[in-house]
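Chemist: what shape does this take:
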Amino acid sequence: MIIPVIVKLLTSLAVIIVLNKLLKSLPVALLGGSIVFAFWIGIGPIQFALVAAERVISLSNLALVFLICFVMTLSGQMKKNGLVNELVASIRGTFSSKASLAILPAVIGLLPMPGGALFSAPLLDNFDTMPGVTQEKKTRINYWFRHVWEYSWPLYPGIIFTCDIAGIELWMAFLVGLPVSFISILTGSFVFLSKIPKETKEEKLERKSNRHFSIIPFLPVMTVVAAYFLIQIFVPVLGRENQYLPMVISLTIAIITVQIMRPLNGKAWKELLLSRNMLNTALLIVMVRIYGAFIETDLAGISVIQMMTEEMQSFGIPALPLIIILPFISGMTMGISVGFVGASMPVVVAMLGSNPSLGLLLSTVMFAYTCGFMGTMLSPLHVCLIVTCNYYESGFTTALRSIIFPALIMMSFALFYMNLLQLILT
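Modeler: Here you go, the predicted model:
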């Protein structure tokens, strides 16, 4: 009996989750999942080593590792020089503590960087004294609200790539995606914040009396966003050469800016750059990328994702379930938006025919994108989930389970929203 590729993919994911629970080491679990999947699809030991080595030394992988390390550097830099405390104080002085828990990661979510949740994670440490705010709770809040703009913010590579494949203007995707982002915020608030007590009248009065808003602590984030935006406009070739390079440059500019604003001494920089957490996170990213290399590899001239697509089509799966399953499974097995978009969105667009109406195209693409992104949010390979659990030392499997219910809410809304858009726009 021939075992479908999709079964092999899902089995390798299960191996990763089980090994991580048993061994308490995600890098080892990722290596185990990579070995199981690679050997099961016919890749021998020598080819395994070659594919892994090629991925490790690739410019794309090196740029991603640098990007994650630069995110950690800027975050640590702001923590050491006091800007993090000022940022938290500015937001907490303006909003309630409960709202601030969501706003802080959402603000950082405007930065389209892999592993950006690691930047916002330290900000929530300031809420440890609040009732009900545990390490597990902070993991879920940080992870969810860090990604609420992923459906609409036009700086995200996934949105840009989707528009390019579907032939949609970025401003259209932004407008159509905004309600989905809004529902994501409401869903996260209902699921993750509802049991956290509201501030008392005394706390509210104290907050207002101590209110002190300053733009200074927001400058590093604003610098990254502005630099990234300018690079994409005036030097787009950098992004075409390497999707991570514009953000690496933007972070470098922000790090230099912060050093000029609030300089750290040599000892502080040594502690920052040689931290064990930095090295462990870099290793995690490398192992995620190695696993991804085997998902992206070609077998007899056909990619694994393409084989999976052809298998599902041969099973006679109807169009709507295919539009749900293809992006969702692609997102779950690749753990990155650009990955599921590149693997599944051309198939979704092709299923709409040669000249679909704008309403049909916009509504279907947004529905497929939401399904794919929910797969990404439920992926054990999602860098933000990995670094958030690693930072808070929280349960990896528990964090994944907590996302299932809000993911179902988002996909259900996306289905309703698709039908509503088709009624309005056609």
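Chemist: thinking Phe48 is in contact with Phe39, fair?
Modeler: Yes: when contacts are counted by CB atoms under 8 Å, Phe48 is listed as touching Phe39 (7.4 Å). Yep, even glycine has a C-beta here, placed from its N, CA and C like the rest.
Chemist: who's more crowded, the two?
Modeler: Neighbours per residue (other CB atoms under 10 Å) separate Phe48 from Phe39, with Phe48 holding more: 17 against 13.
Chemist: point me to the helix or strand that includes the more buried one.
Modeler: helix 45-57 (DSSP states H and E).
Chemist: for that helix, packing partners?
Modeler: Here helix 45-57 touches helix 26-40, helix 276-296, going by 3 or more CB pairs under 8 Å, 6 or more residues apart in numbering; DSSP states H and E.
Chemist: show residues contacting it.
Modeler: Contacts with helix 45-57, where a contact means CB atoms under 8 Å, 6 or more residues apart in numbering, come from 34-35, 38-39, 43, 61, 286, 289-290, 292-294, 297.
Chemist: same thing but 6 Å
Modeler: Helix 45-57 has contacts (CB atoms under 6 Å, 6 or more residues apart in numbering) with 38, 61, 286, 289-290, 293.
Chemist: tell me which two of these sit farthest apart.
Modeler: Ala38 and Asn61 (17.1 Å; CB to CB).
Chemist: higher neighbour count, these two?
Modeler: Remark: of Ala38 and Asn61, Ala38 carries more neighbours, 24 against 20, as counted by other CB under 10 Å.
Chemist: OK, contacts around the more buried one?
Modeler: Each residue near Ala38 by CB under 6 Å, 6+ apart is listed here: 48, 294.
Chemist: residues of the helix holding Phe48 that come out buried?
Modeler: 48, 51-52, 55 (16 or more other CB atoms under 10 Å).
Chemist: tell me which of those is nearest to Glu199?
Modeler: For the buried residues of helix 45-57, the nearest to Glu199 is Arg55 (48.3 Å; CB to CB).
Chemist: what about the closest residue to that closest one other than its chain neighbours, distance to Val338?
Modeler: Sequence neighbours aside, Ala293 is the residue nearest to Arg55 in space, at 3.9 Å (criterion: CB to CB, 6 or more residues apart in numbering). Distance from Ala293 to Val338, counting by CB to CB, to the nearest Å: 15 Å.
Chemist: equivalent analysis for Met247, please.
Modeler: Note on Met247: its distance to Val338, by CB to CB, is 13 Å.
Chemist: please say which of the two ends up with more neighbours.
Modeler: Per other CB under 10 Å, whichever of Met247 and Val338 has more neighbours is Met247, with 28 against 18.
Chemist: hey, what's the angle from the helix or strand where Ala343 lies to helix 276-296? Just curious.
Modeler: According to DSSP H and E, Ala343 maps onto helix 337-350. Taking axes from the mean of the first three to the mean of the last three CA atoms, to 10 degrees, one finds helix 337-350 and helix 276-296 inclined to each other by 30 degrees.
Chemist: buried residues, helix 337-350. List them.
Modeler: 337-345, 347-349.
Chemist: that helix: what's the following helix or strand?
Modeler: Proceeding N to C from helix 337-350, the next assigned helix or strand is helix 358-377, under DSSP H and E.
Chemist: average pLDDT for that next one, rounded please.
Modeler: If you average the pLDDT over helix 358-377, you get 94.
Chemist: chain center to the host helix or strand of Met308: distance?
Modeler: Using DSSP H and E, the element containing Met308 is helix 304-314. Computed by CA atoms, centre = their mean, to the nearest Å, the chain-centroid distance of helix 304-314 equals 25 Å.
Chemist: same question for stretch 162-182.
Modeler: 18 Å.
Chemist: contacts for it?
Modeler: Stretch 162-182 is contacted from outside by 148-149, 151-152, 154, 159, 341, 345-346, 349, 362, 365-366, 369, using CB under 6 Å, 6+ apart.
Chemist: again, only using 7 Å
Modeler: Stretch 162-182 is contacted from outside by 148-149, 151-152, 154, 159-160, 341, 345-346, 349, 361-362, 365-366, 369-370, 414, 417, using CB atoms under 7 Å, 6 or more residues apart in numbering.
Chemist: list the buried residues for it?
Modeler: 162-163, 165-166, 168, 172-174, 176-177, 179-181.
Chemist: quick revisit: the helix holding Phe48: how far from the chain's middle?
Modeler: Counting by CA atoms, centre = their mean, helix 45-57 comes out at 26 Å from the chain centroid.
Chemist: helices or strands up against the helix or strand just after that helix?
Modeler: With elements assigned by DSSP H and E, the helix or strand that comes after helix 45-57 is helix 59-80. When contacts are defined as 3 or more CB pairs under 7 Å, 6 or more residues apart in numbering; DSSP states H and E, helix 59-80 packs onto helix 117-120, helix 245-261, helix 266-273, helix 276-296.
Chemist: and of these, who's closest to Tyr391?
Modeler: helix 117-120 (6.2 Å).
Chemist: model confidence for Met418, exactly?
Modeler: With respect to pLDDT, Met418 scores 95.
Chemist: which element, helix or strand, includes it?
Modeler: Here Met418 is assigned to helix 396-425, by DSSP H and E.
Chemist: elements contacting that helix?
Modeler: Secondary elements touching helix 396-425 (3+ CB pairs under 7 Å, 6+ apart): helix 5-23, helix 135-145, helix 170-188, helix 358-377, helix 383-392.
Chemist: how about those helices in TSV, adding distance to Leu124?
Modeler: Formatted as TSV, the helices and strands packed on helix 396-425 follow (distance: least, CB to CB, whole Å):
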stretch	distance to Leu124
helix 5-23	23
helix 135-145	5
helix 170-188	14
helix 358-377	18
helix 383-392	9
